[in-house]
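Q: Just need the structure, nothing else, for what follows:
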Amino acid sequence: MGTCMVLSCWSTTSLEDVASSCNGLKWFLLNPFTNRDVMANLIRRAEVNGFKAIVLTVDIPVVGKRYDGFGGMFTASYFPNVKEAFKCENLENLTPNIANTIHSSLATWDVMIPWIKSVTSLPVVLKGILVVDDAKLAVKYGADGIIVSNHGGRQFDGAPATIEVLPEIVSAVANDIEVYMDGGVRSGSDIFKALALGARAVFVGRPILWGLAYQVVQD
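A: Numbering: from 1, shown residues only. Model (predicted):
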């Protein structure tokens, strides 16, 4: 459809398989992990396979209590030598404690963004911005874009709706950086509203997953 796909680093399908199946615009979403070698490896794989930007998740220094989001089984083979890399023996059952040992709580503005830009020439987009001060820091430290996002409400259930904070963030930084939005987008009119409030584009997740799940059930 000519849209952009942002592939999560936690995908159960490898970025190589996705790249070989999709000729469209692809970005790669990366979390700040405790093991920088793992991050660098994933960035290099994304570059080689034609991904055009690195999207860094910045709103999970500590993983929130997702009561319905942990405990499920998933394939951990996406990362090379993942258990050795994270010194974790039970990645097939991703509990909050295990997730917090994998994600780095020490990833700061002045360290993480410059480091990523030192290992790739791809644009760096920060996902998880909700306040003007953070948007300004993204500009200060060289990000190429930001996604106004509340992690779908899964990280902190008291977070504001992204459409409510979008205008003030656009007003503060849109002349310096591209601003996108996700969260709560369920229809074309929702997209129109976000664009009218200054977003360059919007991203959706759950509507696509729900549609695919429904199709699988019907099949």
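
Q: contacts and neighbour counts: CA atoms only from here.
A: Fine.

Q: how about the helices of the chain, start to end?
A: 15-21, 36-48, 82-86, 96-102, 109-119, 132-140, 162-173, 188-196, 206-218 (DSSP state H).

Q: got these as JSON lines, with mean neighbour count, distance to residue 55 and mean pLDDT columns?
A: Supplementary listing: these in JSON lines, determined by neighbours: other CA atoms under 10 Å; distance: least, CA to CA, whole Å; pLDDT from 0 to 100:
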{"stretch": "helix 15-21", "mean neighbour count": "14", "distance to residue 55": "14", "mean pLDDT": "92"}
{"stretch": "helix 36-48", "mean neighbour count": "16", "distance to residue 55": "10", "mean pLDDT": "92"}
{"stretch": "helix 82-86", "mean neighbour count": "14", "distance to residue 55": "21", "mean pLDDT": "55"}
{"stretch": "helix 96-102", "mean neighbour count": "17", "distance to residue 55": "18", "mean pLDDT": "63"}
{"stretch": "helix 109-119", "mean neighbour count": "15", "distance to residue 55": "10", "mean pLDDT": "94"}
{"stretch": "helix 132-140", "mean neighbour count": "17", "distance to residue 55": "13", "mean pLDDT": "97"}
{"stretch": "helix 162-173", "mean neighbour count": "18", "distance to residue 55": "18", "mean pLDDT": "96"}
{"stretch": "helix 188-196", "mean neighbour count": "14", "distance to residue 55": "20", "mean pLDDT": "95"}
{"stretch": "helix 206-218", "mean neighbour count": "11", "distance to residue 55": "18", "mean pLDDT": "80"}
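
Q: Of all those helices, which one comes closest to residue 182?
A: In terms of CA to CA, the element of those nearest to residue 182 is helix 162-173, at 7.0 Å.

Q: okay, the angle between the closest one and helix 188-196?
A: Angle, helix 162-173 to helix 188-196, by axes from the mean of the first three to the mean of the last three CA atoms, to 10 degrees: 20 degrees.

Q: Who are the packing partners of helix 162-173?
A: The contact analysis (3 or more CA pairs under 8 Å, 6 or more residues apart in numbering; DSSP states H and E) places helix 162-173 against helix 132-140, strand 178-182.

Q: Restricting to C-alpha, output it in PDB.
A: Provided in PDB are the C-alpha atoms of helix 162-173 (Å, rounded to 0.1, in the frame of the first residue of the first chain):
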ATOM      1  CA  THR A 162      -1.000  11.200  22.300                       C
ATOM      2  CA  ILE A 163      -3.400  13.400  20.300                       C
ATOM      3  CA  GLU A 164      -3.700  15.700  23.400                       C
ATOM      4  CA  VAL A 165       0.000  16.400  23.700                       C
ATOM      5  CA  LEU A 166       0.800  16.400  20.000                       C
ATOM      6  CA  PRO A 167       0.000  20.100  19.300                       C
ATOM      7  CA  GLU A 168       2.300  21.500  22.000                       C
ATOM      8  CA  ILE A 169       5.200  19.200  20.900                       C
ATOM      9  CA  VAL A 170       4.700  20.200  17.300                       C
ATOM     10  CA  SER A 171       4.700  23.900  18.300                       C
ATOM     11  CA  ALA A 172       7.900  23.500  20.200                       C
ATOM     12  CA  VAL A 173      10.100  21.500  17.800                       C
END
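
Q: contacts for that helix?
A: 130-132, 135-136, 139, 148-150, 179, 181-184, 194, 197-199 (CA atoms under 8 Å, 6 or more residues apart in numbering).
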